[in-house]
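[1] the following comprises the amino acid sequence and a computationally predicted model.
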Amino acid sequence: MPPSKRRRLRMSRPPVSYYRATVPKRTFGAPLRGRSEAAVCVVGGGFAGLNAALGLAERGVRDVVLLDAHQVGFGASGRNGGFVFGGFSRGEEALLRDLGHEQARALYAGTTDAVERIRARIDRYGIACERVEAGVLWANWFRDQGVLHDRRRLLAEHYGIDWQWVPEAELRERIHSTRYHDGLFEPHAFHFHPLKYAQGLADAAIGQGVTVHEHSAAIALERAGAGWRVRTPEGEVEARTVVLACGGYLAGLRRRVDAGVLPIATYVMVTEPLGARMGEILATGAAVYDTRFAFDYYRPLPDTRLLWGGRISILDRSPATVERLLVRDMRKVFPQLDGVRIDYAWSGLMSYARHQMPQIGELEPGLWLAQAFGGHGVAPTTFAGELLAGAIAEGDTRWRDFAGYGLVSALKPAGFLGAELSYWWAEARDAWKDSRERFAQA
Ligand SMILES: Cc1cc2nc3c(=O)[nH]c(=O)nc-3n(C[C@H](O)[C@H](O)[C@H](O)COP(=O)(O)OP(=O)(O)OC[C@H]3O[C@@H](n4cnc5c(N)ncnc54)[C@H](O)[C@@H]3O)c2cc1C
């Protein structure tokens, strides 16, 4: 096929993710029609909403309805990199500064416990989600080892976590790229097919009595007696308790809630199956990211494709643009992959609060919120689901540990400009450090 025609075909490729293309077409529940009642109505079928619904069902609350405007896993939860590891978008050092040793350690432990809970749920509910138990490598883009030493020491001293040092020569044996110098290995992390996991959570919740309605956007939320009424285009649910969990896809139900987060896009692509060529770039099953602020993240998929992600932007770009940008990034690390075909490219929206921590709590009596998980949300959404389920079903007050990270305004639209500028600034700083090191080396 002539290149111009190939290019035209790519330009018109629909933004179907690899994940969506590799799950069977199925529905988890018809659109809501008419009136219904529930104990709890969860709005949003991403990991935050699904974990809250399943956590409630596991605690014996049978009468739970979950609404999604599109499909289960439509948002970030069904599009992400698939890294499952502890921590929050706000780094460990900042967390420690904010909260002090005891509280920071307790919050961080909530996320490492969540990693174990995800494993346990995969086993308990038999979720086939291509779990790869090969850990995560944090590869140093720079010669300066300070960043690795500092983080490793901080994690050990304050969080009781041991990341293993991987010397440069050993790292090169695992990742066949000259870009990196040393790395840290996080052995307890894993990676998986996030959409299969989201669908597995939905199946597990439905199996315990939760009712799911897809293609049922909540379009209004109002008081109804002691509880709430949630309206959708063709129906309504009356529930004593409502959970809002709409991430960067913004529910449009409460101005203050939407104002609390910036939806920020990040990009992913997947190569054609590499077969034996995978051996030219990786001799590890680990997922990898690097030490720059604007880092690349990638992982080998079980069918020998490479999933590659990176960049953050306020722009939700077309698949063709995502592919162009990410191929450039990939070639910098793996020139061996020059000419490899890209089969899928897509973007997804993360939700960021100004403080880069999740916003978890009760906004008004019976109205709960779980959003702002940023780019590090698989484990924290699981943690949040447990906190909300415990609070609603059992009066557990642990959610108050997040009280310091409230629903502050994200200062839109200036916040978008601020986010883009700080990204460019950090990117420029990393590029400057890189070129200085190369110059010193020459
Ligand atoms: C490309 C990408 C890569 C990432 N990689 C990783 C990673 O490797 N590891 C990691 O830990 N984190 C990663 N993250 C972050 C992580 O995916 C998110 O933090 C997490 O999935 C957020 O879950 P959520 O439930 O809050 O939101 P979402 O998954 O975005 O779900 C929100 C849902 O709400 C629904 N909704 C919105 N409005 C309404 C309404 N009015 N009525 C009904 N439903 C509504 C949407 O349809 C959507 O399904 C990544 C994110 C992206 C975008």
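    Perfect, thanks for sending it.
[2] which residues of the stretch 101-250 of the chain lie near the ligand?
    Applying CB under 6 Å from any ligand atom, one finds that the stretch 101-250 of the chain approaches the ligand through 217-218, 245-249. From N, CA and C alone the C-beta is placed, and that goes for glycine too.
[3] separate out the buried members of the residues you listed.
    217-218, 245-249 (16 or more other CB atoms under 10 Å).
[4] quick check, nearest of those to the ligand?
    The closest of these to the ligand turns out to be G247 (CB to the nearest ligand atom; 2.4 Å).
[5] excluding chain neighbours, what is closest to the closest one?
    Excluding the flanking residues, the one nearest G247 by CB to CB, 6 or more residues apart in numbering is S351, at 4.6 Å.
[6] so which strand or helix has N80?
    N80 belongs to no helix or strand when elements are defined using DSSP states H and E.
[7] next, see if the helix or strand harbouring A38 gets close to the ligand.
    Using DSSP H and E, A38 sits within strand 34-43. Yes. Interface with the ligand: strand 34-43 contributes V43 (CB under 6 Å from any ligand atom).
[8] pull the distance from that strand to the chain's centre.
    Relative to its chain's centre, strand 34-43 lies at 27 Å (CA atoms, centre = their mean, to the nearest Å).
[9] name every strand pairing with it and say which way it goes.
    strand 64-67 (parallel), strand 235-244 (parallel) (DSSP bridges).
[10] look up how far E173 lies from the residue lying closest to R174 once chain neighbours are set aside.
    What sits nearest to R174 in space, not counting adjacent residues and going by CB to CB, 6+ apart, is T284, at 4.1 Å. Computed with CB to CB, to the nearest Å, the distance linking T284 and E173 is 9 Å.
[11] these two: which is more packed in?
    A side-by-side neighbour count of T284 and E173, using other CB atoms under 10 Å, places T284 first with 17 against 12.
[12] report the secondary structure state of that one.
    coil (DSSP: H, G, I helix; E, B strand; the rest coil).
[13] likewise L307?
    strand.
[14] isn't it right up against Y267?
    No. L307 lies out of contact with Y267 (CB atoms under 8 Å); the separation is 11.5 Å.
[15] quick one: contacts for R240?
    Counting by CB atoms under 8 Å, 6 or more residues apart in numbering, R240 makes contact with 39-40, 226-228, 366.
[16] which stretches of this protein have low pLDDT?
    Within the chain, the segments meeting pLDDT under 70 span 1-15, 412, 414, 416, 420, 442.
[17] now the helices for it?
    Counting by DSSP state H, the chain has helices at residues 3-11, 18-21, 47-58, 92-124, 146-159, 168-174, 194-207, 255-259, 278-281, 319-333, 378-394, 414-441.
[18] point out the most buried one among the ones you listed.
    Highest mean neighbour count of the helices of the chain: helix 47-58, a mean of 29 (counted as mean count of other CB atoms under 10 Å).
[19] which elements pack onto that helix?
    Judged by 3 or more CB pairs under 8 Å, 6 or more residues apart in numbering; DSSP states H and E, helix 47-58 is in contact with strand 34-43, strand 64-67, helix 194-207, strand 367-371, helix 378-394.
[20] turn the ones you listed into CSV, including distance to L421.
    Output for the helices and strands packed on helix 47-58, formatted as CSV (distance: least, CB to CB, whole Å):
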stretch, distance to L421
strand 34-43, 32
strand 64-67, 36
helix 194-207, 30
strand 367-371, 24
helix 378-394, 26
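[21] and R20, which of these is closest to it?
    Each of those has some distance to R20 by CB to CB; the shortest is helix 194-207, at 6.5 Å.
[22] ok, and what's touching the closest one?
    So helix 194-207 is contacted by 17, 19-20, 22-23, 26, 28-29, 45-47, 50-51, 53-54, 57, 64, 66, 72-73, 77-80, 82, 118, 121-122, 124-125, 127-130, 212, 378 (CB under 8 Å, 6+ apart).
[23] can you show me the CA trace of that helix as CSV?
    C-alpha atoms of helix 194-207 as CSV (Å, rounded to 0.1, in the frame of the first residue of the first chain):
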residue,chain,number,x,y,z
PRO,A,194,-7.3,-2.9,33.2
LEU,A,195,-10.5,-3.1,31.2
LYS,A,196,-10.7,-6.9,31.7
TYR,A,197,-10.2,-6.2,35.4
ALA,A,198,-12.9,-3.4,35.4
GLN,A,199,-15.3,-5.8,33.7
GLY,A,200,-14.4,-8.5,36.2
LEU,A,201,-15.2,-6.1,39.1
ALA,A,202,-18.6,-5.4,37.5
ASP,A,203,-19.3,-9.1,37.2
ALA,A,204,-18.3,-9.6,40.8
ALA,A,205,-20.5,-6.8,42.0
ILE,A,206,-23.5,-7.9,39.9
GLY,A,207,-23.0,-11.4,41.3
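[24] picking up where we left off before, could I get the buried ones among the residues of the stretch 101-250 of the chain next to the ligand as TSV with distance to S313?
    Below are these laid out as TSV (distance: CB to CB, whole Å):
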residue	distance to S313
A217	25
A218	28
A245	24
C246	20
G247	17
G248	12
Y249	16
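[25] coming back round to it: which one's more surrounded, L307 and Y267?
    Y267 (25 against 21).
[26] how about the nearest residue to the more buried one, chain neighbours excluded?
    V322 (4.3 Å).
[27] wait, isn't that neighbour in contact with A345?
    Yes. V322 lies in contact with A345 (CB under 8 Å); the separation is 4.2 Å.
[28] now for these two: what residues contact both?
    In contact with both V322 and A345: 267-269, using CB under 8 Å, 6+ apart.
[29] report the separation between the residue nearest the centre of the chain and Y352.
    Among the residues of the chain, the one closest to the centroid is G377, at 4.1 Å (CA atoms, centre = their mean). G377 sits 10 Å away from Y352, going by CB to CB.
[30] now do the shared contacts for these two.
    S89.
[31] ok so, going back, my guess is the residue nearest to R174 contacts S177, does it?
    No. In this structure T284 lies outside contact range of S177 using CB under 8 Å: 11.8 Å.
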